[in-house]
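1. Please find the sequence and the predicted model below.
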Protein chains: 2
Amino acid sequence: MADMEATARARAEAMTDGSGPDKGKRGGKRTYHHGDLRNALIVAATDLARDGGPEAVVLRAAARRVGVSPTAAYRHFAGQAELLHAVKELGQQRLTESMEAAGASLSAREPGPDGAEERVRALGRGYLAFARAEPGLYRVAFCRDEFSMEKLDGVIDPGEEDSWGFRSFGILVQALDALVEHGRMTERRRAGAELTAWATVHGLATMFLDGPLSQLTSEEIDAVAERAFDTLIAGFTTP
Amino acid sequence: MADMEATARARAEAMTDGSGPDKGKRGGKRTYHHGDLRNALIVAATDLARDGGPEAVVLRAAARRVGVSPTAAYRHFAGQAELLHAVKELGQQRLTESMEAAGASLSAREPGPDGAEERVRALGRGYLAFARAEPGLYRVAFCRDEFSMEKLDGVIDPGEEDSWGFRSFGILVQALDALVEHGRMTERRRAGAELTAWATVHGLATMFLDGPLSQLTSEEIDAVAERAFDTLIAGFTTP
DNA sequence: CAGGGAATGTTAATAGTGTCAACATCGGGC
DNA sequence: GCCCGATGTTGACACTATTAACATTCCCTG
């Protein structure tokens, strides 16, 4: 109790001592209410996730960082699982952005069949780039999560997919469709191709992060990934 | 303390009450020492892992099942991480056996190039069969594990690979080498092919277990997997 | 422009976990 | 025969999640 977490009052006072800009809603005001606790907790939990992965997303630790009592989080999350889920969705969003960025870097350029092929590769590169740049977040983005489980259990037909995970999947779908449109892939091969492609990059990322490939240099990883993309696309373009 | 875990004495007495055959070393003897506690703990932890995955491998729960005090485990394991690692190796062994079984079911038959190709498929089927039959164990077999991390960090050159994970990998390597020997795969494609194949099945398993494919029927899963194998092998056999 | 209810935060307490230190008991080798 | 090491137990500490009860503040209604 003596060296307990900083109370809200202590936090609010710390805000005014010039240590940094006020993060509360109104400038410098020592507020009992935080004002944006939900987001603050997600940010703190994300930082925890960055180094340490899913098991580092600890509710009390996040609350401690924000300078709030542990149970305050329960006013904004049903429990630790929901906090973890929020971080997970944030991670999926970042992953999607990484893929989009890699795809956009060559969009419009080379509009032909080779361009479509190169776009698939670019998406894979963007995926792996994020996994390497943010291993902790990546691990959270794909960690087992009871909220997603429940969601999939209950709703058999997910009409509107809010989650960013499906958006990144959609990007891949479009890229593969383009492959078909440009005659680089037959309709038959197209069936289930998203899964094959996704499985490939996901499996590669896993092996890079905590598998047998975890001590390869960046160049070696790139080389291995490109070879994998080669055979993947070779399989796609085979009638 | 009242409803504490069963003491060793209680366990030993339970052994003699006809509930089952004596698991201790000598028949019926109420022994203070367990006699085979390490294995018993691994078995208990494996049962926990079967339903619940890595996060269910709880040291105290395993000790409770064996009927032993929580700290007794520390005479046989450095800590929970080492217990988890033991279960992980057991899981990898089972996975290897599943792959070997699937491969052996058609070994020697059809020795030609088609047989080599079919063997690669069989290994993939054996892999996925295990993942579906033992999802919890599978998840443990590939969970992040600080022991493996340390091992990879320290020893840069792993001369002798004790782990079963490398054995299953070796099976795949042989199958791919056979593909080359029978002229179904060029040397160029061979480079890094293990990783591509491994990534594919691992990614598929992940999506089946806790990904977007978790509610497919067995038939649908098989169909998706076979299509993935098709394009994978198409990629391998492309010059 | 009150005042009261809802939102938000705090303390206290329970239950479960990993881990260490100190103590108890068995069993095999001198 | 006995003693020392291997093995198991108790007790304790530091974490964690979570709930219940209490406190404060915001803001909306009368």
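-> Right, received. Where do you want to start?
2. And for stretch A:134-144, what's in contact with it?
-> By CB atoms under 8 Å, 6 or more residues apart in numbering or on different chains, the residues outside stretch A:134-144 that reach it are A:46, A:49-54, A:56-57, A:84, A:87-88, A:90-92, A:94-95, A:130-131, A:165, A:202, A:205, A:209, B:53, B:139, B:144, B:206, B:210-211. Where you see a C-beta, it was placed from the backbone N, CA and C, and this is true even at glycine.
3. out of these, which are buried?
-> Neighbour-count burial (16 or more other CB atoms under 10 Å in any protein chain shown) is assigned, among the contacts of stretch A:134-144, to A:46, A:49-50, A:53-54, A:56-57, A:84, A:87-88, A:90-92, A:94-95, A:130-131, A:165, A:202, A:205, A:209, B:53, B:139, B:144, B:206, B:210-211.
4. From those, list the ones also adjacent to DNA strand C.
-> Checked against DNA strand C using CB under 7 Å from any atom of the strand, the buried ones among the contacts of stretch A:134-144 yield no neighbours at all.
5. Out of those, which sit inside helices?
-> A:46, A:49-50, A:84, A:87-88, A:90-92, A:94-95, A:130-131, A:165, A:202, A:205, A:209, B:139, B:206, B:210 (DSSP state H).
6. now the residue most central in space within chain A: how far from chain B?
-> Centroid-nearest residue in chain A: residue A:91, 2.3 Å away (criterion: CA atoms, centre = their mean). To chain B, residue A:91 is 15 Å away according to CB to the nearest CB, to the nearest Å.
7. can you list the domains in chain A?
-> For chain A, automatic domain parsing gives the domain ranges A:8-75, A:87-236.
8. Pull up the distance across stretch A:138-148, start to finish.
-> Start and end residues of stretch A:138-148 are separated by 16 Å (CA to CA, to the nearest Å).
9. pLDDT averaged over that stretch - what is it?
-> Taken as a whole, stretch A:138-148 carries a mean pLDDT of 92.
10. How about that stretch and DNA strand D, touching?
-> No - Stretch A:138-148 lies apart from DNA strand D when judged by CB under 7 Å from any atom of the strand; the minimum separation is 9.5 Å.
11. how about the residue lying closest to residue A:45 once chain neighbours are set aside, what does it touch?
-> Spatial nearest neighbour of residue A:45, chain neighbours left out: residue A:62 (4.4 Å); criterion: CB to CB, 6 or more residues apart in numbering or on different chains. Contact analysis of residue A:62 by CB under 8 Å, 6+ apart lists A:41, A:44-45, A:48, A:73, A:83.
12. repeat that for 10 Å
-> When contacts are counted by CB atoms under 10 Å, 6 or more residues apart in numbering or on different chains, residue A:62 touches A:40-49, A:56, A:68, A:70, A:73, A:77, A:80, A:83, A:87.
13. and what of residue A:196?
-> A:176, A:189, A:232, A:235-236, B:200, B:203-204, B:224-225, B:227-232, B:235.
14. So which of the residues you listed belong to helices?
-> A:176, A:189, A:232, A:235-236, B:200, B:203-204, B:224-225, B:227-232, B:235.
15. hmm, back to that, return only those of the contacts of residue A:196 found close to DNA strand D.
-> Answer for the contacts of residue A:196 near DNA strand D: none qualify (CB under 7 Å from any atom of the strand).
16. so residue A:166 touches residue A:194, yeah?
-> No - counting by CB atoms under 10 Å, residue A:166 does not reach residue A:194; the two are 11.1 Å apart.
17. For the closest residue in space to residue A:37 that isn't next to it in sequence, list the residues it contacts.
-> Leaving out its chain neighbours, the residue that sits closest to residue A:37 by CB to CB, 6+ apart is residue A:76, at 5.8 Å. Residue A:76 sits next to A:34, A:36-42, A:82-83, A:86 when contact means CB under 10 Å, 6+ apart.
18. Output the lowest mean pLDDT helix or strand found in chain A.
-> Within chain A, confidence by mean pLDDT, DSSP states H and E is lowest for helix A:8-16 among all helices and strands, at a mean of 41.
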